[in-house]
Each structure stands twice: as C-alpha cells, then as structure tokens.
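Student: give the three-dimensional model of this entry:
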Amino acid sequence: MSNSTVFLVITLLFILARLTTAGNMNPFVGVCDGRNGDNLPSPAQIISLYKKINVAGIRLYEPVPDLIVSLQGTGLLVAIGPKNEEIKTLAEHYEFALNWVKTFIAPYKNVAFSWITVGNEVIEGEIGRYVPQAMKNIKAALTEIGNSKIHVTTVISTAALANSYPPSAGVFKPTITELITEIVSILSSTDSPLMVNVYPYFAYASDPSHVTLEYATFRSTSPVVTDGKYQYTNIFDATLDALMRR
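Tutor: Model prediction:
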C-alpha cells in the first residue's frame with residue numbers, strides 16, 4: 001500500500017502539552033489511509049493487513065463508506081474528517097454539520113470513532129478562519145446525536161511554526177497565532193488533542209547539508225541537537241518539542 005503513510009499516535013504526538021489532558025492513552029501505531037492511487041487493496045484486505053501487523057488505529061482523510069463499514073467491530077481507533085472544501089459550509093450551516101455527522105458517524109455504531117479532524121493543514125489558508133466554528137458545529141452535532149465522547153480537532157502542519165530550532169525557541173507564525181490560540185482554547189475546553197503532521201524525511205530531503213539521514217530516520221546513536229537539559233537523537237522528537245515547549 002504505497003499510498004499509505006505509517007504514523008505514530010503517541011501521547012505527546014498530537015497534543016500540545018499542558019494545554020489539554022487528552023493524552024492519557026497508551027502509545028500505539030496507526031496508518032493514514034489515503035485513496036490517491038491505483039489498484040488499491042479492498043477494505044477487507046486493508047483491515048486484514050492492519051490486524052496482521054498490529055496496527056491499532058487508522059486515519060481517513062475523508063469518509064470512505066465501504067471502508068467505514070469494514071471497520072465495524074474491528075476495535076481499530078478511527079480518525080476521520082470532512083473534505084477541506086466542506087469546512088466553510090460546516091462553519092456557516094449547522095444543519096450541514098448535523099447531516100454530515102448523521103451520515104458518516106451515527107449509522108456506524110460499532111466503529112470506534114475517536115477523533116474527527118476538521119481540516120488537514122488548512123490553518124494558513126483562506127479556509128483556516130472557518131475551522132473554529134466548524135469544529136464547534138461538529139461537536140454540537142455529535143452531542144445532539146448522543147455521541148459527545150468523540151474528540152473534534154484539526155490537523156496542522158509543522159510549517160505553521162515560524163521557528164523550530166532550537167526546540168525551546170519554537171513559535172507559531174504571527175499571522176496565525178490568534179487563530180491557533182482560538183483553536184487551542186476550544187480543544188482545551190473539550191479535553192481534545194491538537195493533531196500535527198510531522199514529516200522527518202522531508203526535512204532531510206529539503207536540507208541534507210544540515211539534516212542528516214540518520215537524524216531524520218531515527219538511526220542516530222548519539223545526540224545531534226542539545227537544547228539546555230534536552231538532547232535529541234532524531235528530528236521527530238525535536239519537532240514535537242518545538243510545538244509543545246512553551
């Protein structure tokens with residue numbers, strides 16, 4: 001499944017530390033399941049493979065009805081979200097949000113929906129300003145159908161950082177600070193995590209003269225970056241701390 005990217009869902013991976021307590025779960029490995037590709041495995045084959053390699057969670061970038069059906073009764077933790085182009089409508093029309101929840105969440109009683117991701121890396125664009133209200137509408141819709149335990153969040157890119165080195169100097173871009181603050185306030189009030197797409201290899205590919213392959217792929221055996229009392233052997237941990245150390 002070349003179009004699927006393995007990702008780690010760790011207590012501190014998708015969370016801004018000290019801003020929410022939603023990370024009281026054990027670490028697990030999940031897969032982001034994309035649909036852009038040819039000759040994709042069937043839903044049954046996907047689920048069978050995930051179970052075989054002990055994958056515990058799956059992220060769907062948008063609702064895929066036949067795959068959602070196949071997830072029923074599997075126990076796999078599921079992150080799912082609307083299409084980015086639907087966010088504005090979700091924000092402006094509560095009935096649209098309610099219909100989305102009734103269509104893609106409510107009918108599937110035996111699917112372990114854990115997160116609804118409102119927006120994938122849209123915070124810096126025109127759509128970004130609609131994310132907070134869209135999150136609120138989705139959360140209200142979940143409450144209306146009696147499923148308020150599902151966390152509603154959004155997914156940001158590490159490009160949202162104005163600076164990430166050293167990690168202790170991590171700071172969001174000034175142009176989105178107000179929006180990020182509003183989103184984090186919502187997440188804090190609902191005990192939900194902020195999700196982040198972290199791509200260690202891309203950091204190496206874009207700047208191999210300063211980022212070694214070993215540092216990007218968890219193969220360094222000694223600290224590469226020292227920041228105060230913290231030492232980092234991989235850019236993944238360093239990036240997370242740039243997001244979390246406030």
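Student: residue contacts, the residue nearest the centre of the chain?
Tutor: By C-alpha atoms, centre = their mean, the mean C-alpha position of the chain lies nearest to Met195, the distance being 3.5 Å. Contact analysis of Met195 by C-beta atoms under 8 Å, 6 or more residues apart in numbering lists 14, 79, 115, 117, 153-156. (Glycine included, C-beta is placed from N, CA and C.)
Student: show me the shaky parts of the protein.
Tutor: Residue ranges of the chain with pLDDT under 70: 1-26, 245-246.
Student: show me the strands in it, by range?
Tutor: Ranges of strands in the chain, per DSSP state E, are 5-9, 28-33, 57-60, 77-80, 112-120, 151-157, 161-163, 171-172, 195-197, 225-227, 230-232.
Student: could these go into TSV alongside distance to Tyr94?
Tutor: TSV is the format used below for the strands of the chain (distance: least, C-beta to C-beta, whole Å):
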stretch	distance to Tyr94
strand 5-9	30
strand 28-33	29
strand 57-60	23
strand 77-80	19
strand 112-120	14
strand 151-157	14
strand 161-163	33
strand 171-172	29
strand 195-197	24
strand 225-227	45
strand 230-232	44
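Student: quick one, what contacts the residue nearest to Ile105 when sequence neighbours are not counted?
Tutor: Leaving aside its chain neighbours, Ile105 sits nearest to Phe113 (5.9 Å; criterion: C-beta to C-beta, 6 or more residues apart in numbering). Counting by C-beta under 8 Å, 6+ apart, Phe113 touches 78, 80, 105, 147, 150.
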